[in-house]
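Engineer: Using only what follows, build the 3D model:
(one chain, ligands or ions: 1)
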Amino acid sequence: MSESAPVRRHSWAEPYKIKAVERIRRTTRAEREEALAQAGWNTFQLRSRDVFIDLLTDSGTNAMSAEQWAGLMLGDEAYAGSENFFHLKQAVQDVYGYPFVVPTHQGRGAEHIISQVLIKPGDVIPGNMYFTTTRLHQELAGGRFIDVIVDEAHDPLDESPFKGNVDLVKLRRVFDEYGADRIPYVSLAVTVNMAGGQPVSVANVRAVRALCDEYGIKLYLDKTRIAENAWFVRQREAGYQDAPVRQIVREICDLTDGAWFSGKKDALVNIGGYLALRDPQVFEDARNLCVVYEGLDTYGGLAGRDMEAMSIGIRESVDEDHLQARVGQVEYLGHALRDGGVPVVLPIGGHAVFLDAARFLPQVPQEQFPAQRLAGEIYLEAGVRSMERGIVSAGRNAETGEHNRPRLELVRLTLPRRVYTQAHMDVVAEAVLAVWDRRAAVRGLAMSFEPKHLRFFQARFTPLA
Ligand SMILES: Cc1ncc(COP(=O)(O)O)c(C=O)c1O
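Structural biologist: Alright, predicted model coming up:
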């Protein structure tokens, strides 16, 4: 970890210069109060025009390079056999080494298909912490997710370098209890979004693979942020200091049977995803379901131009100057907040700074949605949009109907790639620090509307005071 001097910058700069800008609008406090009330205190329901700095998500919010924009003009919009599909397949083979590719409109399209292909009712799927859409598709296919992440992942203060790792004792216990017949695959994410963007070590992936082999169980990867994970491996794992990120990425993929991918993160595009597979039968089944749910298997719900932009973005994603600036910007914001006394998840993760709402607002009980309230307060302060990652995102237990109660009650400040400057980060830090100063007066929320699935997107709330 680097020095803790306030807002300290190292001698690197973003490896790009700005060619076109998108103007953003400042609002008044009164306008923001009106907008937040209209949105039912749910930042997903705000109109983008009412947001000054948008840290809702890093998903699909990236700035594309000139090469990617140029690539859009090479879109081959044939219904079948688009040239851009073959460019995408080539990029996946070159960078990740998987032979088969099924494009999908975004990551959850791939999650849907792989869950339908591999899971049968009554199965269990062990994984290193749930992700909202991943778990839902596993459940909709009749499966049940079991968390086998290391305990440190649930402790925001634990500074272990690889808090995304699988706990091998927990994994073996699940293997022994359910056996290979009821476990279609292990669901491994790199990095772990809900744990705070925390990485997994290569040694851990290797050990999980060995355990899977011992029991005859498959290993599938959510490689949505694998380049950022590889960057952390290079910084933190013994033996990898001089290894190129590309090599680390490949080493992780080589240990797995297949992967799903949301191109909207690492691959620097605004839309797109795919499945990357090794097993010819799984590929046949997946590409058949692709036709049902996404579109023909050479476009999967994407325009040819989108596949072209994604194939270029995949190659750009493993550029080390890019990763240094990307992860470095997240760290810059995280350290500014930490140094100001704000409770944040440590170490700072790869794509976002996560505020620990449980320690930020200890007077608000979890069933009054402290992280949801805190995200609203940060918006009111300066027009900065973040999102809740706590009890609202965790949803309800599929069997009992009770709230799932995650140990982490977080607000996520997520950084789009190549979009904002250091000055934007300073404004964000000042806004959060201003809420921190008035935290004692902040109360909770009541939920006034709850949708059936993925409630965090569309739920509505009213302030308790
Ligand atoms: C780790 C992870 N997996 C899967 C997904 C789903 O991808 P998409 O939003 O493209 O459907 C996301 C998106 O937020 C993610 O962060």
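
Engineer: just the strands in the stretch 151-300 of the chain please.
Structural biologist: Using DSSP state E, counting those that start in this stretch, the strands of the stretch 151-300 of the chain run over 185-189, 218-222, 258-262, 273-277.

Engineer: in the stretch 51-200 of the chain, what spans have low per-residue confidence?
Structural biologist: Residues of the stretch 51-200 of the chain that meet the criterion pLDDT under 70 are absent altogether.

Engineer: Would you mind naming what in this structure lies close to the ligand?
Structural biologist: Residues of the chain lying near the ligand by C-beta under 6 Å from any ligand atom: 59, 106-108, 131, 133-134, 189, 193, 222, 224, 262, 264, 273. (Each C-beta comes from the backbone N, C-alpha and C, glycine too.)

Engineer: ok, now with 8 Å
Structural biologist: 57, 59-60, 106-111, 131-134, 189, 191-193, 222, 224-225, 260, 262-265, 272-273 (C-beta under 8 Å from any ligand atom).

Engineer: these two touch, right, F283 and Y274?
Structural biologist: No: counting by C-beta atoms under 8 Å, F283 stays clear of Y274, with 11.7 Å between them.

Engineer: Which one's more surrounded, these two?
Structural biologist: Legend: neighbour count by other C-beta atoms under 10 Å for F283 and Y274, higher for Y274 (34 against 21).

Engineer: Can you name the residue of the stretch 1-150 of the chain nearest the ligand?
Structural biologist: Nearest residue of the stretch 1-150 of the chain to the ligand, counting by C-beta to the nearest ligand atom: G107, 2.4 Å away.

Engineer: re the thing from before, who touches both of F283 and Y274?
Structural biologist: V102 (C-beta atoms under 8 Å, 6 or more residues apart in numbering).

Engineer: Tell me where the stretch 1-150 of the chain has strands.
Structural biologist: Counting by DSSP E, counting those that start in this stretch, the strands of the stretch 1-150 of the chain are 53-54, 100-104, 124-127, 144-147.

Engineer: tell me the most buried of these?
Structural biologist: strand 100-104 (a mean of 27; mean count of other C-beta atoms under 10 Å).

Engineer: Could you list the paired strands of it along with their orientation?
Structural biologist: Within its sheet, strand 100-104 is paired with strand 273-277 (antiparallel), according to DSSP bridges.

Engineer: What are the buried residues along the partner strand?
Structural biologist: 273-277 (16 or more other C-beta atoms under 10 Å).

Engineer: Let's have those in TSV, adding distance to D176 and pLDDT.
Structural biologist: Formatted as TSV, the buried residues of strand 273-277 follow (distance: C-beta to C-beta, whole Å; pLDDT from 0 to 100):
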residue	distance to D176	pLDDT
G273	34	98
Y274	34	98
L275	30	98
A276	30	98
L277	28	98
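
Engineer: out of the residues you listed, who's nearest T421?
Structural biologist: Proximity of those to T421 (C-beta to C-beta) peaks at G273, which lies at 28.5 Å.

Engineer: Contacts only, for that closest one.
Structural biologist: Neighbours of G273 in contact, by C-beta under 8 Å, 6+ apart: 103-110, 260-264.

Engineer: change it to 10 Å
Structural biologist: 102-111, 224, 260-265, 267, 294, 300-302, 310 (C-beta atoms under 10 Å, 6 or more residues apart in numbering).

Engineer: so it bridges to which residues?
Structural biologist: Here G273 sits in beta bridges with T104, S262, going by DSSP bridges.

Engineer: how near is it to V186?
Structural biologist: Counting by C-beta to C-beta, to the nearest Å, the gap from G273 to V186 is 20 Å.

Engineer: One more: V150?
Structural biologist: For V150, the distance to V186 (C-beta to C-beta) stands at 15 Å.

Engineer: In this structure, which residue is most central in space?
Structural biologist: The structure's the chain has its C-alpha centroid closest to N193; by C-alpha atoms, centre = their mean the separation is 4.4 Å.

Engineer: re earlier: dump the strands of the stretch 151-300 of the chain to a markdown table, plus distance to G71.
Structural biologist: Formatted as a markdown table, the strands of the stretch 151-300 of the chain follow (distance: least, C-beta to C-beta, whole Å):
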| stretch | distance to G71 |
| --- | --- |
| strand 185-189 | 28 |
| strand 218-222 | 26 |
| strand 258-262 | 18 |
| strand 273-277 | 17 |
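
Engineer: Tell me which stretches of the stretch 101-250 of the chain form helices.
Structural biologist: 107-118, 132-140, 168-178, 202-215, 226-236, 245-254 (DSSP state H, counting those that start in this stretch).

Engineer: for the fourth one, packing partners?
Structural biologist: This points to helix 202-215. helix 168-178, strand 185-189, strand 218-222, helix 226-236, helix 245-254 (3 or more C-beta pairs under 10 Å, 6 or more residues apart in numbering; DSSP states H and E).

Engineer: Just name the most buried of these.
Structural biologist: Greatest average neighbour count among the helices and strands packed on helix 202-215 goes to strand 185-189 (a mean of 27), per mean count of other C-beta under 10 Å.

Engineer: Which elements pack onto that one?
Structural biologist: Helices and strands touching strand 185-189, by 3+ C-beta pairs under 10 Å, 6+ apart, are helix 107-118, strand 124-127, helix 132-140, helix 168-178, helix 202-215, strand 218-222, strand 258-262.

Engineer: that older thread, state the distance from the residue nearest to the centre of the chain to G109.
Structural biologist: Relative to G109, and taking C-beta to C-beta, N193 is found at 18 Å.

Engineer: same thing with F52?
Structural biologist: As for F52, its distance to G109 is 32 Å (criterion: C-beta to C-beta).

Engineer: Pick out whichever of the two has more residues nearby.
Structural biologist: Each of F52 and G109 has its neighbours counted (other C-beta under 10 Å); G109 has more, 27 against 18.
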